[in-house]
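Engineer: Kindly return the folded structure for what I paste below:
(4 chains)
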There are 2 protein chains.
Amino acid sequence: MTPPLHLSLAGQAVEALRELVLSGEIPVGERVNEVELAQRLGISRGPLREAIRHLASEGLLVLVPHRGARVPVADADEVRALFELRTALECAAAQLAAQRRTAADVTALHEVVAESRRSLRAGARFPHRLDLAFHRTLLAAARSPQIAEQVRLVQQRVVLLRTTLDEDPSHQHASMDDHDRLVEAVEAGDGGLAAEAMRLHLARVCAQMLAAVTARG
Amino acid sequence: MTPPLHLSLAGQAVEALRELVLSGEIPVGERVNEVELAQRLGISRGPLREAIRHLASEGLLVLVPHRGARVPVADADEVRALFELRTALECAAAQLAAQRRTAADVTALHEVVAESRRSLRAGARFPHRLDLAFHRTLLAAARSPQIAEQVRLVQQRVVLLRTTLDEDPSHQHASMDDHDRLVEAVEAGDGGLAAEAMRLHLARVCAQMLAAVTARG
DNA sequence: GTGTTGTTGACTGTCGACAGTTGACAGCTT
DNA sequence: AAGCTGTCAACTGTCGACAGTCAACAACAC
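Structural biologist: Got it, this is the predicted structure:
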């Protein structure tokens, strides 16, 4: 419990807290109490503070001096700004992926898309898991570690938005088709087309989320 | 010494450490000693650790478990990866700037360019300060806070590279011309042209840095 | 002389406690 | 009754100390 076996307590706390936030177990807008949470995780306040600051640097928490940390609430303007960033990153990634993809990359993309279609046909639901898998597979083909890392952080924030939003099944088919066009462009090695397909895809997802945000508040 | 007057000790430590790293006062590759640095800044290890972790999350330090933090050394691959990220962000910013720029934005850009030309003619030197100012002015015109923040972080890492690199005056005139073309595209409101101009500009800067890196270290 | 192993030192990771600040509640004034 | 002021509790920010770990050095075997 005390000696860092393989991962430091702070590192474990980061992952534990990340899961708590992303799963929605800590409600949006809720303040985080350091002592209480530290006891809950069975560690001291020191490592927990490190974890909180780390998650804050990733945008999963907002820090208020002397008032602790809160899970940020989604604002329409913030959604727009976040998707502008995501679009910049993922369009570039799509372009690079189209230029650098290997046969293995294309195969992996086809597999993810196929599994998504199966899942959508069977359970009438398009799991976020497979959507994330698709974007990550595409990212892997881009072979740009720095962009990949930033995209991971942004996608994480989008996941945080999703936990508070309802989903419209009609959009899932549209996203599916977007993914198809994306794979096609990447397979053809057309960077410009891939970037444009990604731009349209993200514009659609952004519009969906904006609608959900304005509807809920 | 003890009460947080307006900014917490950790916050002050972040800025102090950032300056120490960016100014090169802490040599590249040098390990940071927590106790020694804490005494030097007149604070305890707690806030200093927070500052170190924060700077690490910004990429200005790398953390090695049980071995503390080091100022990262520039690798050719890392330079390429970093500029891929920077290109993705700043091209998007240039495109948005071209679409959203106001008359005031264009005036500000012209002023920065004019001052740069004066400085270059007079002192035969193109200060990094004005280069940064140009990119920040362009960024302000894009009106995307999320992208702006990420660009700021990336540029900071580039500055860190610059502190260890020599400069070739011949490239400064080229950069100057790049800026001119950029302003022209933004003023015309041509997003695609602005993005392409930025891509070329950054490709040139990246090549310059790669040459310096491979020559030196 | 080279490779291996035991020891030592310095440093990080972690903890518990204290001080300062913030927000809220109660009491007083008008 | 409404507004203001003083007090109080809870929480964060900070500190110093302890324990565990890693790397370098020295002694030894081969």
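
Engineer: can I see the domain layout of chain A?
Structural biologist: A:9-70, A:76-216 (automatic domain parsing).

Engineer: Adding mean neighbour count and mean pLDDT, write those domains out as TSV.
Structural biologist: (Glycine included, C-beta is placed from N, CA and C.) Output for those, formatted as TSV (neighbours: other Cβ atoms under 10 Å in any protein chain shown; pLDDT from 0 to 100):
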stretch	mean neighbour count	mean pLDDT
domain A:9-70	16	95
domain A:76-216	18	92
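
Engineer: among the ones you listed, which is nearest DNA strand C?
Structural biologist: In terms of Cβ to the nearest atom of the strand, the element of the domains of chain A nearest to DNA strand C is domain A:9-70, at 2.8 Å.

Engineer: Can you name the residues of chain A that neighbour chain B?
Structural biologist: A:4, A:8, A:46, A:49-50, A:53-54, A:57-58, A:65, A:81-82, A:84-85, A:87-89, A:91-93, A:96, A:144-147, A:150 (Cβ under 8 Å from any Cβ of the partner chain).

Engineer: which SS state does A:Ala69 fall under?
Structural biologist: strand (DSSP: H, G, I helix; E, B strand; the rest coil).

Engineer: gap between it and B:Val151?
Structural biologist: 26 Å (Cβ to Cβ, to the nearest Å).

Engineer: cool, A:Pro169 as well?
Structural biologist: Distance of A:Pro169 to B:Val151, given as Cβ to Cβ: 37 Å.

Engineer: Please apply the same query to A:Arg80.
Structural biologist: On the measure of Cβ to Cβ, A:Arg80 and B:Val151 end up 17 Å apart.

Engineer: now swap in A:Pro127 and tell me
Structural biologist: 34 Å.

Engineer: cool, A:His66 as well?
Structural biologist: A:His66 is 31 Å from B:Val151, by Cβ to Cβ.

Engineer: swap in A:Leu210?
Structural biologist: Counting by Cβ to Cβ - A:Leu210 and B:Val151 are separated by 24 Å.

Engineer: Also A:Glu50?
Structural biologist: For A:Glu50 relative to B:Val151 (Cβ to Cβ), the value is 27 Å.

Engineer: ok, back up a step: please identify which of the domains of chain A is closest to DNA strand D.
Structural biologist: domain A:9-70 (3.1 Å).

Engineer: Now do the SS call for the residue most central in space within chain A.
Structural biologist: In chain A, the centroid-proximal residue (Cα atoms, centre = their mean) is A:Gln155; its distance is 2.2 Å. Secondary structure state of A:Gln155, per three-state DSSP, is helix.

Engineer: Check whether the host helix or strand of A:Gln12 comes into contact with DNA strand D.
Structural biologist: Under the criterion of DSSP states H and E, A:Gln12 resides in helix A:9-22. No. Shown here: helix A:9-22 not in contact with DNA strand D (Cβ under 7 Å from any atom of the strand), separated by at least 11.3 Å.

Engineer: same for that helix, what does it pack against?
Structural biologist: Of the remaining helices and strands, those touching helix A:9-22 by 3 or more Cβ pairs under 8 Å, 6 or more residues apart in numbering or on different chains; DSSP states H and E are helix A:34-41, helix A:45-57, helix A:145-162.

Engineer: who's in contact with it?
Structural biologist: With contact meaning Cβ atoms under 8 Å, 6 or more residues apart in numbering or on different chains, helix A:9-22 is reached by A:25-26, A:37, A:41, A:43-44, A:46-48, A:50-52, A:54-55, A:60-61, A:71, A:156, A:159-160, A:163.

Engineer: can you narrow these to ones near DNA strand D?
Structural biologist: Okay, of the contacts of helix A:9-22 touching DNA strand D (Cβ under 7 Å from any atom of the strand), that's A:Gly46.

Engineer: what residues are up against A:Ala142?
Structural biologist: A:92-94, A:96-97, A:100, A:148.

Engineer: List, one by one, the residues from chain A near DNA strand C.
Structural biologist: A:2, A:4, A:8-10, A:43-47, A:50, A:65-67.

Engineer: Can you lay out these as CSV showing distance to B:Leu182?
Structural biologist: What follows is the residues of chain A next to DNA strand C, written out as CSV (distance: Cβ to Cβ, whole Å):
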residue, distance to B:Leu182
A:Thr2, 56
A:Pro4, 49
A:Ser8, 45
A:Leu9, 48
A:Ala10, 43
A:Ile43, 50
A:Ser44, 51
A:Arg45, 49
A:Gly46, 47
A:Pro47, 46
A:Glu50, 41
A:Pro65, 39
A:His66, 43
A:Arg67, 42
